[in-house]
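**Q** sequence and predicted structure below; questions after.
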Amino acid sequence: MIPKIRRLEIEWKHFAVEDVTCERCGQTGEALRAAVDELREEFASSGVKINLTETLLDKTRIAESNEVRMNGVLLESLLSASVVATDCPSCGELAGESTCCRAIGIGDELFEDLPVELIKTAAYRALGVEPR
Amino acid sequence: MTEQPTCSCGQNETKRLIFPCAGQSNAGQITNLAAIQLTEEGYGKIVCTALLATGNDGLVKSAGNAEEVVILDGCPMSCAAKIAECQGVKAGQHIVVTELGITKGPSRSYTDDDIENIVAACWKGEGRTNEPKKKDLDNKKSTCGCGCGGSCE
C-alpha cells in the first residue's frame, strides 16, 4: 500500500550528560535507528522521506526523556498507550540522584525502552498504512 | 448567464489547508515552495492567501471547516496571519520563516535546505498555536523530586 503521507518526521528527546545516556534511552536509540533503517527500506519505492531528529535534554527536563513524536504526534497517542514513570537507576547514576523515567504501558505490558516493532507500529499509524 | 470563476487551489477542500504568504522576498517565496512541497507530501493542500484576502465565501467557509489551518509567513510582518484574522480564520499552526534561522533578503536566493527546514517544521507541528494539554506527568505534583511528576512506581 502506497501511503498518501510522504514524510515521517520522528523526534526523539532523551536525557544525556556529555553525550552519555542511560541504558533505557540507549536501547531506545538503537531500536529507533534500526526501525528507521527498516522503514526507509520498506518505503523507499513509495518516495516516503523518513527523518530522525535527536534532542539531548539536561537534568531539568528528565520528565520528557525518551519521548518520541511522529509527525508531531506523541508515540503513546498513536498507540493508545499510557505513560508512567519508573525508577531508572542508570539515569540516577548520570544525574547523581534518584531518577525516574518515562515508560509506555500497553495493556498489561510495560515498555521502559521502546522496541523496534512498537516504533514501527506507531510509524505505520502515523503514515496511515497497514503494517507490512 | 455569467459563469462564476473558480479556483483550483482547494477552496472546496475540508482537510488541512496551507496558506503561504508568498511574499516577494526569499522568505516569502520559501513559504510558497514549502506549501507546494507539503501538498505533494500529503500534509495538506495549498490554498490562495490572495483569494482569502478578497473574502471569498467558499474559501472562508472551507477554512472554517478545515481540520487545521496552517499559515506560513516569511517574516514577522505576518501578512498571511493578518489576512486570516481579518477573515475570521483561526490558525492551528503559524510558522514564520525568519524565526527558523533563515534571513530575509536582501538577496532573493534560497536553498533546498531552506525549504526542507520549513517543511520539516510543519510536519513536526513546531508552529502549533493550540498545543494539546501538556501530558499528565507535568500536571502532577512531584513527591520524589526526580522529575517524574510523582507517578513513578
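**A** Received, thanks.

**Q** nearest the geometric middle of chain A, what residue?
**A** A:Val68 (3.9 Å; Cα atoms, centre = their mean).

**Q** thought that residue was touching A:Leu32?
**A** Yes - between A:Val68 and A:Leu32 a contact is recorded at 7.3 Å, counting by Cβ atoms under 8 Å. C-betas here are computed from N, CA, C, even on glycine.

**Q** which residues do these two both contact?
**A** A:Ile10, A:Trp12, A:Leu114, A:Ile119 (Cβ atoms under 8 Å, 6 or more residues apart in numbering or on different chains).

**Q** from A:Ala126, how far out is the last one?
**A** The span separating A:Ile119 from A:Ala126 equals 10 Å under the rule Cβ to Cβ, to the nearest Å.

**Q** same check on the second one?
**A** Note on A:Trp12: its distance to A:Ala126, by Cβ to Cβ, is 14 Å.

**Q** tell me which residues touch A:Phe111, please.
**A** A:Ala103, A:Ile104, A:Gly105, A:Leu118.

**Q** so what's the closest residue to A:Leu57 other than its chain neighbours scoring on pLDDT?
**A** With sequence-adjacent residues excluded and distances taken as Cβ to Cβ, 6 or more residues apart in numbering or on different chains, A:Leu57 is closest to A:Phe15, at 5.0 Å. pLDDT for A:Phe15: 91.

**Q** any idea which element A:Phe15 lies in?
**A** strand A:7-17 (DSSP states H and E).

**Q** go through that strand and flag the buried ones.
**A** Within strand A:7-17, the residues that qualify as buried are A:Arg7, A:Leu8, A:Glu9, A:Ile10, A:Glu11, A:Trp12, A:Lys13, A:His14, A:Phe15, A:Ala16, counting by 16 or more other Cβ atoms under 10 Å in any protein chain shown.

**Q** now the two most distant members of those residues.
**A** Within the buried residues of strand A:7-17, A:Arg7 and A:Phe15 form the most distant pair, 27.6 Å apart (Cβ to Cβ).

**Q** for the closest residue to B:Cys79 other than its chain neighbours, grab the count of nearby residues.
**A** Leaving aside its chain neighbours, B:Cys79 sits nearest to B:Cys21 (5.0 Å; criterion: Cβ to Cβ, 6+ apart). B:Cys21: 29 surrounding residues under other Cβ atoms under 10 Å in any protein chain shown.

**Q** ok, now which ones touch the residue of chain B found nearest chain A?
**A** Distances between chain B and chain A by Cβ to the nearest Cβ are smallest at B:Gly125, namely 3.0 Å. Going by Cβ under 8 Å, 6+ apart, B:Gly125 touches A:Asn71, A:Gly72, A:Val73, B:Gln93.

**Q** okay, and the nearest residue to the third one once chain neighbours are set aside sits in which element?
**A** Once flanking residues are discounted, A:Val73 sits nearest to A:Ala126: 6.3 Å by Cβ to Cβ, 6+ apart. Assigned by DSSP H and E, A:Ala126 belongs to helix A:116-127.

**Q** contact partners of that helix?
**A** Against helix A:116-127 from outside (Cβ under 8 Å, 6+ apart): A:3, A:5, A:8, A:10, A:31-32, A:34-35, A:38-39, A:43, A:48, A:68, A:70-71, A:73, A:75, A:78-79, A:104, A:106, A:111, A:130-132.

**Q** can you dump the C-alpha atoms of it in PDB for me?
**A** Provided in PDB are the C-alpha atoms of helix A:116-127 (Å, rounded to 0.1, in the frame of the first residue of the first chain):
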ATOM      1  CA  VAL A 116      11.600  -1.800  17.100                       C
ATOM      2  CA  GLU A 117       8.200  -3.400  16.500                       C
ATOM      3  CA  LEU A 118       6.400  -0.900  18.700                       C
ATOM      4  CA  ILE A 119       8.200   2.000  16.900                       C
ATOM      5  CA  LYS A 120       7.300   0.600  13.500                       C
ATOM      6  CA  THR A 121       3.600   0.100  14.500                       C
ATOM      7  CA  ALA A 122       3.400   3.700  15.600                       C
ATOM      8  CA  ALA A 123       5.100   4.700  12.300                       C
ATOM      9  CA  TYR A 124       2.600   2.800  10.200                       C
ATOM     10  CA  ARG A 125      -0.200   4.600  12.100                       C
ATOM     11  CA  ALA A 126       1.400   8.000  11.600                       C
ATOM     12  CA  LEU A 127       1.700   7.200   7.900                       C
END
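
**Q** correct me if wrong: B:Thr62 contacts B:Lys15.
**A** To be clear, residue B:62 is Ser; Thr isn't right here. No - at 9.6 Å, B:Ser62 and B:Lys15 do not qualify as touching, with contact defined as Cβ under 8 Å.
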